[in-house]
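> Provided below are the primary sequence and the corresponding predicted coordinates.
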Amino acid sequence: MSSLTLNAEALYADLLRDIKPLLASYAAPPRLVGVASGGAWLAERLKADLGLSEPIGVLSSAMHRDDFARRGLAASGATQLPFDVNGVHLIVLDDVLYTGRTIRAVLNELFDYGRPASVKLAVLVDRGGRELPVQADLALARVTLPAAQSLQLARSASGQFSFEVQGA
């Protein structure tokens, strides 16, 4: 375990504050789509806290991973897009942006369903270490961790967020 301390609830509050102007900048509000699982949790909670009535989407990276041989099939959940993505503005939410490979995979998955008008990316934490040219439109914190460590969002039974750091 690492001594890194990130307050996931404070970062979520910042996300809630900062996403409101982004949502308001569109003629028709964009749809929220979370990356399974941490991003989906963020999308669910934002939907409730913002009082949005439209369903959220969930994107899985499992079928489009380019590192499948190394990582195996993740049990992160299936893609669920309960709306037509064609011509729609989307905000994709994820907990941590690192190499960019998960985002590349979920974008490939998304485009299997259609062609959105635009896609913005919002993450709680950008930890650098990019291997692909992927950048978040909104990142609430930036941290540096050794490559051997992983950082992910956790959710308690009561819905409270925290971060878990695993690895050497």
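Cool, got the structure.
> Which stretches in the chain count as helices?
8-24, 38-50, 68-71, 101-112 (DSSP state H).
> what's the closest of those to Leu140?
Smallest distance to Leu140 across the helices of the chain (Cβ to Cβ): 4.6 Å, for helix 8-24. (Glycine included, C-beta is placed from N, CA and C.)
> Can you tell me what sits against the closest one?
Under the contact criterion Cβ atoms under 8 Å, 6 or more residues apart in numbering, helix 8-24 has outside partners 29-30, 42, 45-46, 49-50, 91, 120, 122, 124-125, 137-138, 140-141, 153-154, 160-163.
> just to revisit the earlier point, out of the helices of the chain, which comes closest to Ile56?
Judging the helices of the chain by Cβ to Cβ, what sits closest to Ile56 is helix 38-50, at 4.3 Å.
> Summarise which helices and strands the closest one is packed against.
In this structure, helix 38-50 packs against helix 8-24, strand 31-35, strand 57-59, strand 89-97, strand 149-155, with contacts taken as 3 or more Cβ pairs under 8 Å, 6 or more residues apart in numbering; DSSP states H and E.
> Swap in 10 Å and give it another go.
helix 8-24, strand 31-35, strand 57-59, strand 89-97, helix 101-112, strand 118-126, strand 149-155, strand 161-167 (3 or more Cβ pairs under 10 Å, 6 or more residues apart in numbering; DSSP states H and E).
> Any idea which of those gets closest to Leu132?
Distance to Leu132, taken as Cβ to Cβ, is lowest for helix 101-112 among the helices and strands packed on helix 38-50, at 5.5 Å.
> That closest one: which residues count as buried?
Buried residues in helix 101-112, defined by neighbour count with 16 or more other Cβ atoms under 10 Å: 101-107, 109-110.
> One more: stretch 121-139?
For stretch 121-139, by 16+ other Cβ under 10 Å, it's 121-127, 134, 136, 138-139.
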